[in-house]
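Peer 1: heads up, no residue letters with this:
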């Protein structure tokens with residue numbers, strides 16, 4: 001029996017050491033993901049503000065349609081992680097949350113309802129995706145005044161028409177300032 005315990009202990013020690021090391025790595029991973037999400041958000045906001053100044057809300061719709069995915073792809077490659085956006089109320093069906101993201105979005109809504117500041121809502125953890133160990137992170141995207149031009153309850157007719165043309169399945173309207181518009185979502189190999 002003593003020999004069996006030794007064999008089991010020898011087999012488990014590397015796994016336990018790897019798990020402990022990964023958990024110690026969590027603050028560093030969170031900081032890297034937080035920075036990547038912040039940079040993505042800042043670049044997207046700057047592009048939206050520029051588009052609004054140059055041609056109003058209809059012009060800004062093109063930023064979310066084409067520029068945002070390009071920023072996400074660039075940031076993903078540079079940071080060696082997958083960076084995207086998701087929401088409970090989708091504009092783009094390909095951005096639908098997976099099961100983990102859905103749970104986090106629902107949790108974000110509960111945290112906001114409990115009084116937590118939406119700008120501070122985030123989560124990061126080591127988990128599995130498609131059977132592989134990964135680090136996952138999400139950061140809430142609160143609805144700001146600029147967002148209401150295309151995501152608010154009252155849309156200009158030309159904005160509504162452009163959204164209908166680009167996103168026939170759009171469900172991403174009816175938001176008020178401070179609502180959770182969605183979240184930045186990041187996945188990286190463990």
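Peer 2: Thanks, I have it. Keep in mind that what you see is a predicted model, and the values were worked out from it rather than measured.
Peer 1: can you list the residues that contact stretch 160-169?
Peer 2: The contact list for stretch 160-169 (C-beta atoms under 8 Å, 6 or more residues apart in numbering) reads 58, 61, 65, 90, 91, 92, 93, 150, 155, 170, 173. (Each C-beta comes from the backbone N, C-alpha and C, glycine too.)
Peer 1: list buried residues within the residues you listed.
Peer 2: Listed as buried from the contacts of stretch 160-169 are 58, 61, 90, 91, 92, 150, 155, 170, 173; burial here means 16 or more other C-beta atoms under 10 Å.
Peer 1: which one in these is the model shakiest on?
Peer 2: Taking these together, the minimum pLDDT is found at residue 92 (93).
Peer 1: for that residue, phi and psi?
Peer 2: The phi/psi pair for residue 92 (degrees, to the nearest 10) reads phi -110, psi 110.
Peer 1: separation between it and residue 150?
Peer 2: 13 Å (C-beta to C-beta, to the nearest Å).
Peer 1: again with residue 119
Peer 2: According to C-beta to C-beta, residue 119 stands 20 Å off from residue 150.
Peer 1: now do residue 116
Peer 2: For residue 116, the distance to residue 150 (C-beta to C-beta) stands at 26 Å.
Peer 1: likewise for residue 142?
Peer 2: Following C-beta to C-beta, the distance that separates residue 142 from residue 150 is 15 Å.
Peer 1: ok but residue 186 is inside a strand, no?
Peer 2: Yes. Counting by DSSP: H, G, I helix; E, B strand; the rest coil, one finds residue 186 located in a strand.
Peer 1: for it, give its distance to residue 25.
Peer 2: Separation of residue 186 from residue 25 (C-beta to C-beta): 15 Å.
Peer 1: please say which of these two ends up with more neighbours.
Peer 2: In this view residue 186 and residue 25 are compared by other C-beta atoms under 10 Å, and residue 186 has more residues nearby, 26 against 13.
Peer 1: for the more buried one, give me the pLDDT.
Peer 2: Confidence score, pLDDT, at residue 186: 98.
Peer 1: so what's it bridging to?
Peer 2: residue 83, residue 137 (DSSP bridges).
Peer 1: residue 125 is in contact with that one, correct?
Peer 2: No. Using C-beta atoms under 8 Å, residue 186 is not in contact with residue 125; the gap is 11.6 Å.
Peer 1: nearest to residue 76, out of the buried ones among the contacts of stretch 160-169: which one, please.
Peer 2: residue 92 (16.5 Å; C-beta to C-beta).
Peer 1: which other helices and strands contact the longest helix along the chain?
Peer 2: Secondary structure of the chain per DSSP state H: the longest helix is helix 26-62. Under the contact criterion of 3 or more C-beta pairs under 8 Å, 6 or more residues apart in numbering; DSSP states H and E, helix 26-62 touches helix 68-79, strand 82-86, strand 122-129, strand 132-142, helix 148-151, helix 157-166, strand 180-189.
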